[in-house]
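# build the 3D model from these lines:
(one chain, ligands or ions: 1)
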Amino acid sequence: MIKKMVDKKSGNYSDRPKLYMQDIWEGSRIIMRGYDSLWKVERKLYHQFLNINKAGRYIPYQDLETKQLIVDLLENPANFEDLITRSTLSIATSMAYGFRVLDTKSEVMQELFKNTHGFFVMVNSSKLLDWYPQLRPLLRLMPSWLYPMAREAKQIFYREKTQFRQLYEDAKCASQMDNSLPSFAADISRAKETWKGTENGSLLTDHAGSYIAGIAMEGAADTTSNTLAGLIKAMMLFPNVQQKCQEELDAVVGGGRLPTINDFESLPYIRQTTKEALRWLPTAISGAIPHAALSEDIVDGYRIPSGATVVMAVWSVNNDSSLFPNPRKFDPSRHDPNLSFSEAAAAPDFRDRDNWTFGAGRRICPGIHIAERTLFLAAARLLWTFEIRKAKDAYGRDIDVDMDEVTQSIAARPLPFPCNFVPRSDKHVRVAQKEWAEARQLLDEHGNYKHNVLQ
Ligand code: HEM
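Predicted coordinates:
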């Protein structure tokens with residue numbers, strides 16, 4: 001059904017429902033935006049800077065952050081949830097703005113989390129106004145003390161807007177300096193200059209530009225971190241799969257170096273494992289943000305009215321046993337290693353899709369190529385360095401974990417679970433530490449890049 005409607009008739013199903021909070025946010029968040037001219041400009045920019053060829057440009061960031069992830073885990077394995085979040089967030093801020101995240105508890109990051117979280121809480125709290133939009137005009141007649149949510153939401157929007165603009169302006173300024181790092185924000189501001197006097201140029205205001213960069217950063221961070229948390233959980237629960245991954249790594253990479261992106265083609269089972277992690281615990285459990293129908297349509301005799309909300313039941317389709325037999329079994333071998341994430345997502349026959357976790361149709365996630373590389377490097381390096389095992393209780397017994405427990409969110413994540421990272425050998429530890437020590441030479445005393453590391 002997703003293929004039939006959202007992929008094949010994507011011109012009709014690329015709109016978004018008109019959420020009350022999207023109005024309060026003045027339509028700023030692309031991910032919630034309807035199928036309009038600014039959305040097309042935004043999408044053009046995403047395509048220009050995140051396409052399959054450009055995605056390769058960010059590998060040095062993915063390389064450095066996944067090396068740091070490994071040594072951080074060696075030092076503080078119990079903190080693995082926060083460490084994977086730091087590394088994916090740092091890849092995202094490096095790409096979007098050209099700076100790294102050293103600590104997720106820093107003031108800038110806390111402000112960012114507070115605003116994003118605030119937005120989703122507000123969307124959740126205003127569901128009634130989305131189900132019954134006819135109530136909205138009544139709110140305007142009510143004194144704000146009787147209905148404080150709108151005022152609270154506006155405050156979150158202003159704080160977020162101020163932060164996104166500041167980050168965007170800082171990246172623009174930084175790009176004027178010699179030896180500056182490339183960033184998506186700087187790319188957008190340059191595109192804005194190039195498009196001056198055109199229709200695209202007039203739509204691409206600084207405010208729009210700051211949100212295009214901000215949402216790319218936001219879209220990249222949690223989704224990837226949540227998927228990695230799911231992959232770690234799967235490795236712990238399916239040790240036979242973990243062992244197969246490690247046999248492949250030992251045969252191809254050996255024990256003398258960390259896997260790199262150059263091993264991508266030679267590690268098909270690791271790639272299949274990342275595909276299976278996306279299927280088995282999809283962070284976009286119901287397609288992240290619903291689509292909406294632009295015009296009325298008839299599908300299999302059912303009338304879909306214009307404006308109808310279309311939710312993709314990603315969890316259900318990823319667990320459909322006619323497509324994925326025994327679906328709760330984590331089995332990487334069900335995926336074709338010869339198809340990249342995006343090739344499988346675009347497969348003409350829906351049975352060739354690995355999963356539906358990146359969405360569908362014209363709104364399919366534009367970060368899919370970046371995500372593929374981050375997941376590959378992180379998975380290969382984690383499994384090269386560690387045995388991922390169940391944690392033990394005070395009596396030395398394995399602590400059981402429910403495989404399906406996830407957070408209640410549009411970007412679901414496994415509920416926190418205990419887990420043991422056991423280094424595979426002293427030699428593996430020494431190699432990882434040595435490679436991180438070499439990689440650190442690229443950084444200054446504040447932990448930021450000394451010079452441009454991208455091609
Ligand atoms: C495992 C990683 C990721 C997952 C599972 C994921 C999933 C998704 C999903 C389900 C959507 C909505 C698609 C739809 O409406 O049909 C989406 C949209 C989006 N994603 Fe991702 N994403 C990931 C990584 C990334 C990365 C790395 C970036 C940026 C570099 C990114 C940027 C975006 C943006 C900008 C949108 C909005 C597109 C639009 O509304 O037109 N995502 N993503």
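
# helix, strand or coil: sort out N420 for me.
Classification of N420 by DSSP: H, G, I helix; E, B strand; the rest coil places it in strand.

# go on, M95?
Per three-state DSSP, M95 ends up helix.

# where does it land on pLDDT?
As predicted, M95 sits at a pLDDT of 93.

# quick check, the residue in the stretch 151-300 of the chain closest to the ligand?
Residue nearest to the ligand within the stretch 151-300 of the chain: G219 (2.9 Å; C-beta to the nearest ligand atom). Yep, even glycine has a C-beta here, placed from its N, CA and C like the rest.

# do the same with the stretch 51-200 of the chain
For the stretch 51-200 of the chain, C-beta to the nearest ligand atom, closest residue to the ligand: M95, 6.4 Å.

# check the stretch 1-150 of the chain too.
I31 (4.2 Å).

# which residue, other than its chain neighbours, is closest to that residue?
The shortest distance from I31 to any non-neighbouring residue, by C-beta to C-beta, 6 or more residues apart in numbering, is to I289 (5.4 Å).

# neighbours around that neighbour, how many?
20 (other C-beta atoms under 10 Å).

# list the contacts of it.
The contact partners of I289, taken as C-beta atoms under 8 Å, 6 or more residues apart in numbering, are R16, I31, M32, I410.

# what's the separation between the last one and A251?
With distances defined as C-beta to C-beta, to the nearest Å, the gap from I410 to A251 amounts to 40 Å.

# returning to that earlier point: the residue of the stretch 51-200 of the chain closest to the ligand and L454, how far apart?
10 Å.

# do I59 as well
According to C-beta to C-beta, I59 stands 9 Å off from L454.

# residues making contact with stretch 290-301?
Stretch 290-301 is contacted by residues 1, 4-6, 9, 11-18, 34-35, 303-312, 361, 363 when judged by C-beta under 8 Å, 6+ apart.

# with stretch 242-249 instead?
Applying C-beta under 8 Å, 6+ apart, the contact partners of stretch 242-249 are 235-236, 259, 267-270, 273, 332, 379-380, 383-384, 387-388, 424.

# using PDB, write down the CA coordinates of that stretch.
C-alpha atoms of stretch 242-249 as PDB (Å, rounded to 0.1, in the frame of the first residue of the first chain):
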ATOM      1  CA  GLN A 242      27.500 -10.800  16.200                       C
ATOM      2  CA  GLN A 243      29.900 -13.700  15.800                       C
ATOM      3  CA  LYS A 244      29.300 -13.900  12.000                       C
ATOM      4  CA  CYS A 245      30.000 -10.100  11.800                       C
ATOM      5  CA  GLN A 246      33.300 -10.600  13.700                       C
ATOM      6  CA  GLU A 247      34.300 -13.600  11.500                       C
ATOM      7  CA  GLU A 248      33.900 -11.300   8.500                       C
ATOM      8  CA  LEU A 249      35.800  -8.500  10.100                       C
END
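
# circling back to that earlier point, most neighbours among the contacts of I289, please name it.
Among those, R16 has the most neighbours (other C-beta under 10 Å), with 22 neighbours.

# wouldn't that one be in contact with R33 here?
Yes. Using C-beta atoms under 8 Å, R16 is in contact with R33, at 6.3 Å.

# next, show the common contact partners of the two.
Common contacts of R16 and R33, defined by C-beta under 8 Å, 6+ apart, comprise Q22.

# report the buried residues of the helix or strand where the residue of the stretch 151-300 of the chain closest to the ligand lies.
Counting by DSSP states H and E, the element that carries G219 is helix 206-237. For helix 206-237, the buried set under the neighbour-count rule, 16 or more other C-beta atoms under 10 Å, comprises 208-237.

# equivalent analysis for stretch 123-134, please.
Buried residues in stretch 123-134, counted by 16+ other C-beta under 10 Å: V123, S126, L129, D130.

# tell me the two of the residues you listed that are most distant?
Of all pairs drawn from the buried residues of stretch 123-134, the greatest distance, 10.2 Å, lies between V123 and L129 (C-beta to C-beta).

# and the helix holding G219, how far from the chain's centre?
Computed by C-alpha atoms, centre = their mean, to the nearest Å, the separation of helix 206-237 from the middle of its chain amounts to 3 Å.

# same question for stretch 400-409.
Worked out by C-alpha atoms, centre = their mean, stretch 400-409 lies 19 Å from the chain centre.

# what is the helix or strand of the chain at the bottom of the mean pLDDT ranking packed up against?
Across the helices and strands of the chain, mean confidence by mean pLDDT, DSSP states H and E is lowest for helix 136-141: a mean of 78. Packing partners of helix 136-141 (3 or more C-beta pairs under 8 Å, 6 or more residues apart in numbering; DSSP states H and E): none among the helices and strands.

# residues contacting that helix, please?
So helix 136-141 is contacted by Y20, L129, Y147, A150 (C-beta under 8 Å, 6+ apart).

# hmm, back to that, list only buried entries from the contacts of stretch 242-249.
Buried among these by 16+ other C-beta under 10 Å: 235-236, 259, 267-270, 273, 332, 379-380, 383-384, 387-388, 424.

# so which of those residues belong to helices?
M235, M236, P268, Y269, I270, T273, A379, A380, L383, W384 (DSSP state H).
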